[in-house]
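S.K.: Give me a 3D structure for the following:
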Amino acid sequence: MLNLELISKKIMEQRKQKGMTQNDLADALFVSRQAVSKWEMGKSLPSIEVLIEMTKLFDITIDYMLDGSELSDHDYSSMFMQYPRESVIYHFLNSNHLNEDIKNIFYLLTIKERKQMIDQLMSKQICLNEVALWPYLSIDERKYFIGNITSKSMDHDLSTLYSMMSNEEKMMVNRDGYRTMTYVSNSKKGEKS
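M.R.: Residues are numbered from 1 along each chain as shown. Below you'll find the model as predicted:
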């Protein structure tokens, strides 16, 4: 059953968060100010069409509006179902939890979106740690990353990834005399190599 009091509080709360007056909201939704006032006093409910427009305007879900359930900031799967992809990715890229949340979002991205994120990481446009991302990259994405870092002499320390690399990836890092790793000899002091 719908809780009119809860819905009225949500409408008022969201309107105020957007810095809107009742008149502003009425104009945005093409209804009267009196209708907005009745919603906020819990005397009536907006139509489903108006509710949908309101959720778009406030950038919230209909579930949140009707029953108060909120999406977790880390539930990217649900966010992708309820918000435009660009908004969800923007939310992720501007969060303070990139390294922790990469596991929750990367597998949901398209190939193009994944490549864009890798490019942003390589150009240091995002503060994502390579070690956090590495386990979620496909073989082709890993090769793309290593190839770009080594061929363009980008400022990345691949030594942090070395223990996670396959033998083929390690060879890519060291091919053509290009060295990003420092090797420590196993020979003891005084022994001749």
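S.K.: So residue 74, which state does it fall into?
M.R.: Put simply, residue 74 is coil when judged by DSSP: H, G, I helix; E, B strand; the rest coil.
S.K.: And the pLDDT at it?
M.R.: We have a pLDDT of 76 for residue 74.
S.K.: Please report the distance of it from residue 93.
M.R.: Plainly put, residue 74 is 14 Å away from residue 93 if you go by C-beta to C-beta, to the nearest Å. Yep, even glycine has a C-beta here, placed from its N, CA and C like the rest.
S.K.: Go through the helix or strand bottoming out on mean pLDDT in the chain and flag the buried ones.
M.R.: Here the helix or strand of the chain ranked lowest by mean pLDDT, DSSP states H and E is helix 62-67, holding a mean of 74. For helix 62-67, a neighbour-count test (16 or more other C-beta atoms under 10 Å) marks 64, 65, 66 as buried.
S.K.: would a markdown table of those with distance to residue 58 be doable?
M.R.: Output for the buried residues of helix 62-67, formatted as a markdown table (distance: C-beta to C-beta, whole Å):
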| residue | distance to residue 58 |
| --- | --- |
| 64 | 9 |
| 65 | 8 |
| 66 | 13 |
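S.K.: just these now: which is nearest residue 125?
M.R.: Nearest to residue 125 among the buried residues of helix 62-67, counting by C-beta to C-beta, is residue 64 at 31.3 Å.
S.K.: Which SSE is immediately downstream of the least confident helix or strand of the chain?
M.R.: Where DSSP states H and E defines the elements, the next helix or strand beyond helix 62-67 is helix 76-82.
S.K.: And the residue nearest the centre of the chain, how close does it get to residue 84?
M.R.: Closest to where the C-alpha atoms of the chain average out (C-alpha atoms, centre = their mean) is residue 92, at 2.2 Å. Using C-beta to C-beta, residue 92 is found at 13 Å from residue 84.
S.K.: Give me the buried positions along stretch 151-169.
M.R.: For stretch 151-169, by 16+ other C-beta under 10 Å, it's 156, 158, 161, 165, 169.
S.K.: Give me the contacts around that stretch.
M.R.: For stretch 151-169, contacts defined as C-beta atoms under 8 Å, 6 or more residues apart in numbering pick out 122-124, 130-131, 134-135, 139, 142-143, 146, 148-150, 170, 173, 180-182.
S.K.: Buried ones among those?
M.R.: 122, 130, 134, 142, 146, 149, 150, 170, 173, 180.
S.K.: ok now do the first one, which residues does it touch?
M.R.: Residue 122 makes contacts with 145, 148, 149, 154, 156, as judged by C-beta under 8 Å, 6+ apart.
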